[in-house]
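**Q** Return atomic coordinates for the entry below.
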Amino acid sequence: MTIDELPFDVGVPGAVRARTRIVAGRRIVSVEFDDVDGAPPLTASMTQVITDGCRMALDEQLPLVLVVNSAGADIREGISPLDGWGRAARVLTRCSGRVPTFAIVDGPAVSGPALLLGLVDHVVMTERGYAFVNGPVMVEQFTGVSITKDELGSADTMNRVAGLSTATCASREQALEIVGDILSYLPDHSDLPAPSIVSADPIDRPTPEAGEVVPESATGSYDVRSVIEAIVDDGDFYEIRSRWANNVVTAYARIGGQSVGIVANQPMALAGTLDIPGSQKAARFVNTCDAFGLPIITLVDTPGFYPGKDLEWRGMIRHGAQLVYAYGQATVPRVCVILRKSYGGAYIVMDSKRMGNDVCLAWPWAELAVMGAGQASAILRRGADDADRIAFETDYAERLLNPYVAAERGYVDDVIDPADTRRSITAALNMLANKRDRRPNRRHGNSPL
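**A** Okay, the predicted model is just below:
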């Protein structure tokens with residue numbers, strides 16, 4: 001133990017230790033299962049330590065890091081561990097939006113401990129970590145499907161398929177480094193401003209390369225991360241859930257030294273359309289940024305929502321509304337840049353002006369409309385000959401698709417040269433630095449979960 005560490009509940013029996021400690025120069029509360037093979041079952045006394053650690057983080061307004069390695073509630077103790085887990089979950093829920101919360105999965109996280117992972121802001125899984133509510137035995141008994149624990153809940157599965165983990169790594173030590181990296185963008189608690197770091201990168205640096213990556217063809221793909229790299233400080237950003245819902249990019253970055261959250265459509269995946277995972281990923285990230293006071297930069301290039309019968313039956317309306325709700329209730333400064341396409345319902349969802357966006361910018365070739373010229377022609381000129389359809393599409397594009405039409409109506413604040421994107425965003429953030437937008441006085445909204 002060092003002078004910077006303060007253990008507590010040291011006399012409570014069990015394989016969980018709680019302490020305050022320093023991670024990446026920041027004081028945190030750490031609640032850590034012992035690093036042992038053969039994960040210990042969760043006893044009632046261990047849940048007491050978890051609960052006290054969560055309460056310490058809440059009371060002292062410090063970030064919370066849970067390091068999980070548990071095979072679930074101890075069967076021999078009956079109902080007591082479950083009662084204790086419920087108390088821990090309640091305090092952890094109270095931490096949500098007040099202090100940054102993290103979980104490191106370094107071994108099994110089964111049943112109750114697995115559900116705790118869904119409550120925290122960011123989950124990091126090591127190579128030996130796995131998580132599920134019901135294990136392979138239960139799955140086979142109820143469904144007849146034989147599956148291994150790695151197939152069911154490995155770090156790779158949770159990262160790519162389930163979208164649970166923010167990142168994966170080899171060890172606890174590396175996981176703590178990832179926590180430190182993410183924490184560098186976040187405040188200790190929601191009443192503090194996010195950390196600001198002085199950068200030598202000029203705030204008025206031209207960014208012509210941001211526009212150069214966009215192909216001339218309206219259907220050509222490109223990596224939106226190149227645009228992000230061009231506009232943020234020193235080209236550095238930290239992408240969140242990079243392997244899940246690849247049609248949306250979510251990342252922490254800095255502009256002018258200020259921490260920001262970036263949400264961007266990714267044309268390289270599903271042409272940048274929004275589907276259920278993409279909507280959930282973006283909504284969760286917008287909520288996190290809003291909770292901890294990070295301005296949100298939205299980079300838009302989407303032809304709309306991904307069409308499909310299965311998607312609709314799985315609840316595209318409800319899940320798409322999660323992103324609408326997240327933006328609609330966000331009170332932090334919000335800057336939107338329309339890079340190329342912004343069509344239909346996705347135009348509204350991706351932080352449009354009437355959704356409460358503070359500053360909406362567009363590049364000169366941006367297209368804002370219900371749909372593209374080709375789609376409109378297929379509906380409105382069905383059965384027409386080729387010459388008539390081509391004439392219609394040309395007229396439609398000239399009259400309705402360009403950003404100047406939207407600017408005339410106040411839906412876009414300014415049409416900018418891509419080379420001015422960084423400077424314009426910085427100017428907007430400076431203008432919005434003192435924004436104070438209080439939520440309505442109510443218990444809470446009824447989020448479309």
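
**Q** alpha carbons only for contacts and neighbour counts from here, please
**A** OK.

**Q** and residue 131, what are its phi and psi?
**A** Per-residue torsions, residue 131: phi -150, psi 140 (degrees, to the nearest 10).

**Q** Then residue 27?
**A** phi -80, psi 130.

**Q** can you pull the contacts of it?
**A** 20-21, 62-63 (Cα atoms under 8 Å, 6 or more residues apart in numbering).

**Q** Now render these as CSV, adding distance to residue 262 and pLDDT.
**A** Listed next are the contacts of residue 27 as CSV, based on distance: Cα to Cα, whole Å; pLDDT from 0 to 100:
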residue, distance to residue 262, pLDDT
20, 31, 94
21, 30, 94
62, 25, 97
63, 22, 97
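
**Q** Tell me which of those fall in strands.
**A** 20-21 (DSSP state E).

**Q** Can you tell me which of the contacts of residue 27 comes closest to residue 298?
**A** residue 63 (26.6 Å; Cα to Cα).

**Q** how close does that closest one sit to residue 293?
**A** 15 Å (Cα to Cα, to the nearest Å).

**Q** repeat for residue 309
**A** 38 Å.

**Q** Neighbour count and distance to residue 225 added to the contacts of residue 27, as TSV?
**A** Compiled in TSV, these are given as follows (neighbours: other Cα atoms under 10 Å; distance: Cα to Cα, whole Å):
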residue	neighbour count	distance to residue 225
20	22	36
21	18	35
62	24	32
63	26	29
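
**Q** quick check, nearest of the contacts of residue 27 to residue 336?
**A** Checking the contacts of residue 27 against residue 336 by Cα to Cα gives residue 63 as the nearest, at 29.6 Å.

**Q** check which helix or strand covers residue 181.
**A** Counting by DSSP states H and E, the element that carries residue 181 is helix 172-183.

**Q** For that helix, what does the pLDDT average out to?
**A** For helix 172-183, mean pLDDT rounds to 96.

**Q** Okay, buried residues for it please.
**A** Residues of helix 172-183 classed as buried: 172, 175-176, 178-180, 182-183 (neighbour count, 16 or more other Cα atoms under 10 Å).

**Q** Go through the helix or strand just after it and flag the buried ones.
**A** From helix 172-183 onward toward the C-terminus, using DSSP H and E, the following helix or strand is helix 208-212. Using 16+ other Cα under 10 Å as the test for burial, helix 208-212 gives 208, 210-211.

**Q** try stretch 313-327
**A** 316, 318-327.

**Q** Stretch 321-341: end-to-end distance?
**A** End to end - Cα to Cα - stretch 321-341 spans 20 Å.

**Q** And that stretch, how far out from the chain middle?
**A** With Cα atoms, centre = their mean, to the nearest Å as the basis, stretch 321-341 stands 13 Å off its chain's centre.

**Q** the helices in the stretch 101-250 of the chain, which residues?
**A** Secondary structure of the stretch 101-250 of the chain (DSSP state H, counting those that start in this stretch): helices at 112-117, 136-143, 149-153, 155-157, 172-183, 208-212, 224-231.

**Q** Of the ones you listed, which is nearest residue 164?
**A** Nearest of these (Cα to Cα): helix 112-117, 7.9 Å.

**Q** Just the CA trace of stretch 138-150, in PDB.
**A** Output of stretch 138-150 as PDB, limited to C-alpha atoms (Å, rounded to 0.1, in the frame of the first residue of the first chain):
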ATOM      1  CA  MET A 138     -28.700 -23.400 -18.600                       C
ATOM      2  CA  VAL A 139     -28.700 -22.500 -22.300                       C
ATOM      3  CA  GLU A 140     -28.500 -26.200 -23.300                       C
ATOM      4  CA  GLN A 141     -31.200 -27.200 -20.700                       C
ATOM      5  CA  PHE A 142     -33.700 -24.700 -21.900                       C
ATOM      6  CA  THR A 143     -32.900 -24.500 -25.600                       C
ATOM      7  CA  GLY A 144     -31.100 -27.700 -26.500                       C
ATOM      8  CA  VAL A 145     -28.300 -25.700 -28.000                       C
ATOM      9  CA  SER A 146     -24.800 -26.800 -26.900                       C
ATOM     10  CA  ILE A 147     -22.400 -23.900 -26.600                       C
ATOM     11  CA  THR A 148     -19.100 -23.100 -24.900                       C
ATOM     12  CA  LYS A 149     -18.600 -20.300 -22.500                       C
ATOM     13  CA  ASP A 150     -16.300 -18.500 -24.900                       C
END
